[in-house]
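> Sequence first, then the predicted structure:
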Amino acid sequence: MLRGVFFGLLMAVAIAPASAQDKQNAAPKAGDSLAPKKEWKQTVGDWVVACAQSGKGEKSCAMFQTLTNVKTRQVVAVLSLGTNKDNQLTANLRTPLGVAVSDGIEVSVDSQKPISSPFSTCIASGCLAIFQVSTATLAVMQKGKKMVAAMKLVNKKPLNITFSLNGFPKAYDAFVDELKKQ
C-alpha cells in the first residue's frame with residue numbers, strides 16, 4: 001500500500017508542478033506518516049529517475065521526462081513510468097488541457113504500430129492517459145529514438161507531442177537497479 005502512495009507522490013511531483021506556495025501547503029509534513037524520509041534523483045540523458053523512501057524502508061521509484069515551452073517555460077507534457085501495485089510497468093502521460101478526451105490518445109515509438117489509450121481524467125494542469133507498457137513496447141522504446149503522443153484538440157486539429165528516448169535504456173536500467181535495492 002505504501003509503495004503505491006509513494007509512487008503517487010512521485011507522480012504528483014512529475015505530473016503536476018505547482019507554485020512554491022501550493023507545494024508548501026500540499027506536501028506532507030515531516031511528522032506525517034506519508035512523508036518520505038529520503039528522496040533522490042538522477043538525470044540520465046533526457047530522463048530523470050527519482051526515488052523516495054519511507055522511514056520504514058519502503059521505496060518507490062519512477063522515471064520521467066518533462067517537456068516545457070521554451071518561451072513561457074510552462075510545462076507542456078510529462079511522460080512518467082513506474083510500477084503499479086501489481087509491479088507492472090505503467091506509463092502516465094500528462095497532456096495539455098484542451099484535448100478531445102473522448103478521442104483518446106495514440107502513442108508510438110518511431111514508426112511502430114501505435115498504442116491506443118483513453119484519457120483517465122483531466123486536472124488543473126492537464127489531461128492524463130495511463131497505460132501498461134508491455135515487454136514488447138519496452139524493447140521498442142529501448143531501441144527507439146522518439147516517442148510520439150498523437151491526439152486531437154477539442155477543435156479537432158491534431159496535436160502531436162514528441163518525447164526523446166535519448167538515454168532511455170540507461171535510465172530504465174537505473175530505475176530497475178533502484179527497485180532491486182529495496
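That came through, no problem. This one's a predicted model, so the numbers in the text were calculated from it and none came from an experiment. Numbering: from 1, shown residues only.
> how distant is the helix or strand hosting residue 139 from the center of its chain?
Assigned by DSSP states H and E, residue 139 falls within helix 135-143. Relative to the centre of its chain, helix 135-143 is centred 17 Å away, using C-alpha atoms, centre = their mean, to the nearest Å.
> send the alpha carbons of that helix over as CSV?
The C-alpha coordinates for helix 135-143 follow below in CSV (Å, rounded to 0.1, in the frame of the first residue of the first chain):
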residue,chain,number,x,y,z
THR,A,135,7.6,-6.2,-22.7
ALA,A,136,7.4,-5.7,-26.5
THR,A,137,6.8,-1.9,-26.2
LEU,A,138,9.6,-1.6,-23.7
ALA,A,139,12.0,-3.3,-26.1
VAL,A,140,11.0,-0.9,-28.8
MET,A,141,11.4,2.1,-26.5
GLN,A,142,14.9,0.9,-25.6
LYS,A,143,16.0,0.9,-29.3
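> Check what contacts that helix and list those residues.
The contact list for helix 135-143 (C-beta atoms under 8 Å, 6 or more residues apart in numbering) reads 89, 109-110, 112, 115, 133, 147, 165, 168-169, 172. In this view, the C-beta of every residue, glycine as well, is placed from N, C-alpha and C.
> Any of those residues buried? List them.
Using 16 or more other C-beta atoms under 10 Å as the burial test, the contacts of helix 135-143 include 89, 109, 115, 133, 147, 165, 168-169, 172 as buried.
> quick one, strands of the chain?
For the chain, the strands defined by DSSP state E occupy 38-44, 47-53, 59-68, 75-83, 89-95, 105-109, 115-117, 121-123, 126-132, 146-152, 158-164.
> now the ones you listed in TSV, with mean pLDDT and distance to residue 139?
TSV is the format used below for the strands of the chain (pLDDT from 0 to 100; distance: least, C-beta to C-beta, whole Å):
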stretch	mean pLDDT	distance to residue 139
strand 38-44	89	18
strand 47-53	92	17
strand 59-68	93	16
strand 75-83	95	14
strand 89-95	96	12
strand 105-109	96	10
strand 115-117	93	13
strand 121-123	94	29
strand 126-132	95	14
strand 146-152	97	13
strand 158-164	96	17
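> How confident is the prediction for residue 172, by pLDDT?
Residue 172 carries a pLDDT value of 97.
> The one 4 residues further on now?
For residue 176, the pLDDT comes out at 94.
> Show me what the most centrally placed residue in the chain bridges to in the sheet.
The chain has residue 80 as the residue nearest its centroid, 1.6 Å off, counting by C-alpha atoms, centre = their mean. Note on residue 80: beta-bridge partners residue 64, residue 92, judged by DSSP bridges.
> what's the distance between it and residue 66?
According to C-beta to C-beta, to the nearest Å, residue 80 and residue 66 sit 9 Å apart.
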